[in-house]
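Chemist: model the structure of this input:
(2 chains)
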There are 2 protein chains.
Amino acid sequence: MNDSPSFASLIDSFSKLPGIGAKTAERMAYAVLEMREEDALEFSSAIANVKQRIHKCPKCGLYTESDLCDICSDHERDRSTLIVVSFPKDAYSFERISGFRGLYHVLGGVISPSKGMGMGELAIDSLLKRIDEDEVKEVVLATNPTLEGETTALFLAKLLDGKDVTVTRLAYGLPMGSSLDYADSLTLSKALEGRKKI
Amino acid sequence: MNDSPSFASLIDSFSKLPGIGAKTAERMAYAVLEMREEDALEFSSAIANVKQRIHKCPKCGLYTESDLCDICSDHERDRSTLIVVSFPKDAYSFERISGFRGLYHVLGGVISPSKGMGMGELAIDSLLKRIDEDEVKEVVLATNPTLEGETTALFLAKLLDGKDVTVTRLAYGLPMGSSLDYADSLTLSKALEGRKKI
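Modeler: So this is what the prediction gives:
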C-alpha cells in the first residue's frame, strides 16, 4: 500500500488539516478507501465546490455563496454596531451565542511582524470606509487577548481615535466555570482590575 | 455560513470519517476554506484518484494500484504461510512489525449475523482455492480476539479440518508493557493457560 502514489498523496492532503498527524491522516485515507464509491466522489466534489462557490463577502469578509453574506444582507440586523474579528471563525463563535444582532468586520489576521503581517495585509481600509459611509456608532475590537491581538486592537483604537464612533474592547477576566487555582496571574490581575459592583 | 449547501455537504462528508464528530468536521471544512486553492484541488482529486486507481488484489484482497499487490507479486516472500485477516488494515499492522515474510488473505469482515454478515459475504471460497492450488502449509487465523472474531476463526478452523494444512491461531495473553492490575480476568486466565517454560 505504501507504494501507491495516490494513497500517499491523500495521506499528505489529510495531514494538512489542523490537528491531524501522520497516523490519523493514514487512518482517514483508509476510511476513504473503504467508503462507498458515491460517498467518496461526493466528498471529492464537496471540497472542489467549496473552493469554487464560496467567496468572501465584499462588505465584511465573512464566507458566503451569495453576493453579500447572509448577515450583511439581513435588514433586521442592527447596522450601528460592528464586531471586528481577526478571522471568520471568530464571527461564527459570536453567532453561536446569538445574543448579538449587529454586523461584523473580518480583518483577515493580526499585526504580526514575525509572520510578515503588517497593517497593509489587513482589511483596515474597508473598515474605515464602512465607518465613514455607514451608520456605525460602535466598533467592538474582538481580536484575541494575545500579544498580537492586543497590538492589533491598540493600533485600531488609535487609528479610530478621531472618528465619531465609540471603540470598545471585549472584557478580560476569569473564564466561566474555571477555578481561581488555575488562573494565570495576568488573567487574575485583569479580573481584579475589572471588578464590578454586584 | 450555515446557509451554504456546499459547506454543509463538505461537513457531512468529513463526518463520515471514523472518529470525526460534527464539531471536528466543521473545523476541518473551515480549514479547507482557508486552504490555498491548489492544495484544496489536490485534496479533492486525491480522494477521487484513490477510488479510481486503487482496487483489491484479486489474490489476497489487499489494496493495490497494480494487477497483483506488491506482497503477492514479491517472489522473495514465503508462499507456504498465509495470515488470514478480517480487513486490509490488519495485514498492514503485521507488515509494520516486519518479521513476517509470508502472504495474507483478507476475509473482508467477520461472521456477524446481527450485521447480516454470513460466510457468503466473506472471501472464503478464494481462501480454499488458494489452499488447494498453491503450496500453502500453514494458515494463521488472525481475526480479532472478540466474540465475532473467535466465531469466524473457529468456523474456519472446522472448515479447514480435512485439508493438508496446519491451522494456527494468534496467542492470547497479557499485552506487553501492561500491568496485571489492569488485565481483565479472561485475558489473565488465557495468559495463565498459555504459560510457557522460561
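
Chemist: where along chain A do the strands fall?
Modeler: In chain A, the segments counted as strands under DSSP state E are A:55-56, A:63-64, A:81-85, A:103-106, A:138-141, A:166-169.

Chemist: would you map the helices across chain A?
Modeler: Ranges of helices in chain A, per DSSP state H, are A:5-14, A:22-34, A:37-53, A:88-97, A:125-133, A:147-159, A:185-193.

Chemist: can you tell me which of those is packed in deepest?
Modeler: Per-stretch averages of neighbours, counted by mean count of other CB atoms under 10 Å in any protein chain shown, single out helix A:5-14 among the helices of chain A, with a mean of 20. The way it works is simple: take the backbone N, C-alpha and C, and place the C-beta from them, glycine included.

Chemist: how far is it from where the chain is centred?
Modeler: 28 Å (CA atoms, centre = their mean, to the nearest Å).

Chemist: could you do stretch A:33-41 as well?
Modeler: 32 Å.

Chemist: kindly report the same for stretch A:178-198.
Modeler: That offset, for stretch A:178-198, works out to 26 Å (CA atoms, centre = their mean).

Chemist: how far does it stretch from start to finish?
Modeler: Counting by CA to CA, to the nearest Å, you get 19 Å between the two ends of stretch A:178-198.

Chemist: need the strands of chain A in JSON lines (columns: mean neighbour count and mean pLDDT).
Modeler: Shown next, in JSON lines, are the strands of chain A (neighbours: other CB atoms under 10 Å in any protein chain shown; pLDDT from 0 to 100):
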{"stretch": "strand A:55-56", "mean neighbour count": "15", "mean pLDDT": "92"}
{"stretch": "strand A:63-64", "mean neighbour count": "23", "mean pLDDT": "92"}
{"stretch": "strand A:81-85", "mean neighbour count": "23", "mean pLDDT": "93"}
{"stretch": "strand A:103-106", "mean neighbour count": "25", "mean pLDDT": "96"}
{"stretch": "strand A:138-141", "mean neighbour count": "20", "mean pLDDT": "92"}
{"stretch": "strand A:166-169", "mean neighbour count": "15", "mean pLDDT": "92"}
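
Chemist: of all those, which lies closest to B:A153?
Modeler: When the strands of chain A are compared by CB to CB, strand A:63-64 sits nearest B:A153, at 51.4 Å.

Chemist: and A:M117, how far from A:T152?
Modeler: 9 Å (CB to CB, to the nearest Å).

Chemist: how's chain A carved up into domains?
Modeler: Per automatic domain parsing, the structural domains of chain A span A:5-53, A:75-197.

Chemist: worst average pLDDT in those domains?
Modeler: Lowest mean pLDDT of those: domain A:75-197, a mean of 89.

Chemist: just how off-centre is it within its chain?
Modeler: That offset, for domain A:75-197, works out to 11 Å (CA atoms, centre = their mean).

Chemist: how about the spatially most central residue of chain A, phi and psi?
Modeler: Nearest to the mean C-alpha position of chain A, counting by CA atoms, centre = their mean, stands A:F87 at 2.4 Å. Backbone geometry at A:F87, expressed as degrees, to the nearest 10, gives phi -130, psi 160.

Chemist: so what's it closest to, chain neighbours aside?
Modeler: Distances taken as CB to CB, 6 or more residues apart in numbering or on different chains put A:V106 closest to A:F87, at 6.7 Å, once the chain neighbours are dropped.

Chemist: got a list of what the one you found touches?
Modeler: Applying CB atoms under 8 Å, 6 or more residues apart in numbering or on different chains, one finds that A:V106 lies in contact with A:56, A:60-62, A:85-88, A:91, A:123.

Chemist: what's the distance between it and A:T143?
Modeler: Note on A:V106: its distance to A:T143, by CB to CB, is 11 Å.

Chemist: centre of the chain to stretch A:16-30, how far?
Modeler: Centroid separation for stretch A:16-30 versus its chain: 24 Å, with CA atoms, centre = their mean.

Chemist: got the end-to-end distance for it?
Modeler: Distance across stretch A:16-30, first residue to last, is 16 Å (CA to CA).

Chemist: need the helices of chain A in CSV (columns: distance to chain B).
Modeler: As requested, those are exported to CSV (distance: least, CB to the nearest CB, whole Å):
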stretch, distance to chain B
helix A:5-14, 4
helix A:22-34, 5
helix A:37-53, 4
helix A:88-97, 6
helix A:125-133, 19
helix A:147-159, 18
helix A:185-193, 25
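
Chemist: and those helices: which comes nearest A:D70?
Modeler: helix A:88-97 (10.2 Å).

Chemist: now the closest one against strand A:81-85, angle please.
Modeler: Per axes from the mean of the first three to the mean of the last three CA atoms, to 10 degrees, the angle that helix A:88-97 makes with strand A:81-85 is 130 degrees.

Chemist: could you say what helices and strands helix A:88-97 packs with?
Modeler: On a contact count with 3 or more CB pairs under 8 Å, 6 or more residues apart in numbering or on different chains; DSSP states H and E, helix A:88-97 meets strand A:81-85, strand A:103-106, helix B:22-34.

Chemist: can you do 10 Å?
Modeler: On a contact count with 3 or more CB pairs under 10 Å, 6 or more residues apart in numbering or on different chains; DSSP states H and E, helix A:88-97 meets strand A:63-64, strand A:81-85, strand A:103-106, helix B:22-34.
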